[in-house]
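Trainee: Provided below for reference: sequence and predicted model.
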Amino acid sequence: MDNPGQAAILQGMTVKTDILIVGGGLNGPCLAIALASAGISSVVIDALPSEARDADTFDGRSYALALASVRMLRALGLWEGLSDNAQPMLEIKASDGRAGEGPAPFFLHFDHAEIEEGPMGHMLEDRFLRQALLARMEAEPLITHMPGARVVHQSTEGPATVTLETGEVLTGRLLVGADGRRSGVAERAGIKRQGWDYGQTALVCSLAHEKPHHGIAHQFFMPAGPLAILPLPGNRSSIVWSETTARATEIEALDDAAYLDVLRPRFGDFLGQISLAGKRFSYPLNLTIAEKFVDTRLALIGDAAHGVHPIAGQGLNLGLRDVAALAEVLVDARRRGEDFAAFDVLERYQGWRRFDTASLSAATDLFNRLFSNDNPLLRLGRDLGMGAVNAMPALRRRFIREAAGLEGDVPRLMQGRTL
């Protein structure tokens, strides 16, 4: 079942490859698959064991995949196996809310019918995307997946090398950190981070409800933080419920019945009776941005480069844009006969991604600060501002296209084109 590269590693041999990717979540495997489609080999070093990655259990996480991200997965040959488990997002409605009062009349309404390309995006559970990526990596001879492997040392002087806990040394032309907000790759390279804690925690779970959601995503801006209700296939929705960390800790400690008792006044009854449809999870919320995305023979992608607030649901989409941009830069450089790991080549990737990342990070930070409070003047001002956007079709259409990932300098993969 293992490919030849994996067999060699198990025999204690040093493996040489084009790209060393540290991190086996979602962005790392996507990058490996994108590069393999253009003939570039990689090793994906994954700290989690394969049983954990391949588990068919719901871990609370679902992703609002923007249309551009769906196009990318389709270009990589992955979407056909995922679409049956995905829920199209046909509308997005945002409104103010307070516990016990239900949502106020929505002040922002995005409808997919206002653009020609189709649904703005799809909701997809983590487990389905994760399993599709694992299956593709196993089937791809240019990808070596190393589950349960931990990096203890790295060097990018000369070739890029990493040393594992076992003492095995892997060598490549480029090292990519896809290992999350506490990236060991970035830390070992001396790359510092900027950011802050929001004092908020996201309570995440899946709910079953009586009434159909009709593919509509809701965002209620509550005083303590936003409550996102995101449609899943069937009469189910994923919720991302932000509370102050102290209050979230209290809520998380409750049993299921008491948890729902706290949620119901915030959720409202527009979908009828609700019940838990899986386990509950919680994730601390913070902002963390690497001071640089590249170094000598090294690049960062996904949360290793930038971790943002989930208020806009763009975290994974931002990471997939990194993947698409880096893959395009590397593949094009190779076709021109350049050393794709050279610093001037990597700077093209950094230049491409820095502005988009800075813009989205600032926007999510501002939105969270503006909407996670109960100041009456701020509530009035933001409601009037969002209402004005909603009343202008051209501006509303621009926002819809931004949310779908269709604006700006879009990488080829996110246009649905191959590398």
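Mentor: Yes, it's here.
Trainee: who touches the helix or strand hosting Val44?
Mentor: Here Val44, judged by DSSP states H and E, is contained in strand 42-46. The contact list for strand 42-46 (Cβ atoms under 8 Å, 6 or more residues apart in numbering) reads 5, 15, 17-24, 28-29, 31-32, 35-36, 53, 137, 142-149, 151, 162, 164, 170, 172. The way it works is simple: take the backbone N, C-alpha and C, and place the C-beta from them, glycine included.
Trainee: same thing but 7 Å
Mentor: Strand 42-46 is contacted from outside by 5, 15, 17-22, 24, 28-29, 32, 35, 53, 137, 143-147, 149, 151, 162, 170, 172, using Cβ atoms under 7 Å, 6 or more residues apart in numbering.
Trainee: Which positions in it come out as buried?
Mentor: For strand 42-46, a neighbour-count test (16 or more other Cβ atoms under 10 Å) marks Ser42, Val43, Val44, Ile45, Asp46 as buried.
Trainee: do the same with stretch 243-255
Mentor: Neighbour count says stretch 243-255 has Glu243, Thr244, Thr245, Ala248, Ile251 buried, by 16+ other Cβ under 10 Å.
Trainee: where does Arg182 land in three-state SS?
Mentor: Three-state assignment for Arg182 (DSSP: H, G, I helix; E, B strand; the rest coil): coil.
Trainee: ok, it - how many residues close by?
Mentor: Arg182 has 12 neighbours, counted by other Cβ atoms under 10 Å.
Trainee: got it, and Ala36?
Mentor: As a burial measure, Ala36 scores 21 neighbours (other Cβ under 10 Å).
Trainee: got the contact list for it?
Mentor: Residues counted as contacts of Ala36 (Cβ under 7 Å, 6+ apart) are Glu140, Leu142, Ile143.
Trainee: Give me the buried entries from these.
Mentor: Buried residues within these, counting neighbours by 16+ other Cβ under 10 Å: Glu140, Leu142, Ile143.
Trainee: how about JSON lines for the residues you listed, with distance to Arg412 added?
Mentor: Formatted as JSON lines, the buried ones among the contacts of Ala36 follow (distance: Cβ to Cβ, whole Å):
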{"residue": "Glu140", "distance to Arg412": "20"}
{"residue": "Leu142", "distance to Arg412": "19"}
{"residue": "Ile143", "distance to Arg412": "20"}
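Trainee: So in that sheet, which strands flank the strand ranked longest in the chain, and in what orientation?
Mentor: Under DSSP state E, the strand in the chain containing the largest number of residues is strand 193-209. With DSSP bridges as the criterion, the sheet partners recorded for strand 193-209 are strand 236-244 (antiparallel), strand 274-276 (antiparallel), strand 281-290 (antiparallel).
Trainee: Give me the sheet partners of the very next helix or strand once past that strand and which way each runs.
Mentor: Moving toward the C-terminus from strand 193-209, the next helix or strand (DSSP H and E) is strand 216-222. Paired neighbours of strand 216-222 in the sheet (DSSP bridges): strand 91-98 (parallel), strand 225-232 (antiparallel).
Trainee: quick one: the biggest helix by length in the chain to strand 236-244, angle?
Mentor: As assigned by DSSP state H, the longest helix anywhere in the chain is helix 343-371. Angle, helix 343-371 to strand 236-244, by axes from the mean of the first three to the mean of the last three Cα atoms, to 10 degrees: 80 degrees.
Trainee: going forward can the numbers begin at 121, since that is how I track them
Mentor: Happy to do that; since the first residue is 121 now, the last one works out to helix 463-491.
Trainee: centre of the chain versus helix 463-491, how much separation?
Mentor: 14 Å (Cα atoms, centre = their mean, to the nearest Å).
Trainee: likewise stretch 160-167?
Mentor: Worked out by Cα atoms, centre = their mean, stretch 160-167 lies 19 Å from the chain centre.
Trainee: Please apply the same query to stretch 251-270.
Mentor: Stretch 251-270 sits 19 Å away from the centroid of its parent chain (Cα atoms, centre = their mean).
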